[in-house]
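Trainee: sharing a sequence plus its predicted fold:
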Amino acid sequence: MCIEVVDGDVEDGSFIVGDIEDEELSDVSLIFCNGIANTRSDAIRKAGYISEEFRGKHVFCRYNPTELLSWIITRFWSSLNRLKETKNDESNAIVQNLADRIFKELQKENKRVLLIAHSHGVFIANRALKDKRLDAVRERIEVHAFAGAKIMKSDRAGRVWNYVCGSAIISHFANWIYHKKETFEIIKELRLGRTCEEAARNVVAKRNSADGIEPLSEYEECLRKAKKYNISILPSRNWLSYRDHSLVTFLPEIRRIAQECFP
């Protein structure tokens, strides 16, 4: 497997996995942001999975360095702050680096960016895509977010899909942390496979169960919020539910995406 370190150092940087010789020949740049509790080796392995599904295409990985042991022991408070979306220097650097790379790729003529993010990496990608420089080129970005720590809005890119498998306990908890209560209520319904209309109706019904009133304005506001998200619900694929959170679980979807990009 070919690995090239770019825009960083060995411990906390970025790298390219796969065949880097065809980078300028392809009209699609693949970018990956890994989830929490991943060592650099874990991120390389997962970027390798993506490269294999894309027939060896190079994958730029913005390494999100959140190793489990250091998260629990040596960096508990700083990691907790990151989960609460505190803009500390470390997380800001990761977000800025990812935004810079996306912007740099889209400066190339006829280039599109396909961004694949997993778990906590979806949270990082979501922040990066808020970069105002991307407004003029947003339609050339496609995002596939797997087991996201934060469900991403459709307006973050030209196309955004959020994938949830099984009960998705880990990402469900993370979404509870990241989203406001009223938004989380809607997302919770959508993650159960409800349509936008069903989700809005159920949320309003729960809020007004005491008097049975369903104000039209409240329903319309919930429906407006629900329509901001595209969520693809997949049946559980593992008898251990937490494994439904793994990136490997979503390889069939990544393979389908690759086939659509490179038939």
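Mentor: Thanks, I have the structure now.
Trainee: distance of the residue lying closest to residue 189 once chain neighbours are set aside relative to residue 223?
Mentor: Excluding its sequence neighbours, the residue lying closest to residue 189 (Cβ to Cβ, 6 or more residues apart in numbering) is residue 199, at 3.6 Å. In short, each C-beta sits where N, CA and C put it, glycine included. Separation of residue 199 from residue 223 (Cβ to Cβ, to the nearest Å): 8 Å.
Trainee: more crowded one of the two?
Mentor: Neighbours per residue (other Cβ atoms under 10 Å) separate residue 199 from residue 223, with residue 199 holding more: 26 against 17.
Trainee: quickly find the element holding that one.
Mentor: Taking DSSP states H and E as the definition, residue 199 sits inside helix 196-207.
Trainee: got the buried residues for that helix?
Mentor: For helix 196-207, the neighbour count (16 or more other Cβ atoms under 10 Å) marks 196, 199, 200, 201, 202, 203, 204 as buried.
Trainee: likewise stretch 177-193?
Mentor: Of the residues in stretch 177-193, 178, 179, 183, 184, 185, 186, 187, 188, 189, 190, 191 count as buried by neighbour count, 16+ other Cβ under 10 Å.
Trainee: what's the spacing between that stretch and its chain's center?
Mentor: Distance of stretch 177-193 from its chain centroid, counting by Cα atoms, centre = their mean, to the nearest Å, is 16 Å.
Trainee: show me the helices in the protein, by range?
Mentor: Secondary structure of the chain (DSSP state H): helices located at 40-53, 68-72, 76-83, 89-106, 120-128, 169-178, 181-190, 196-207, 216-226, 251-261.
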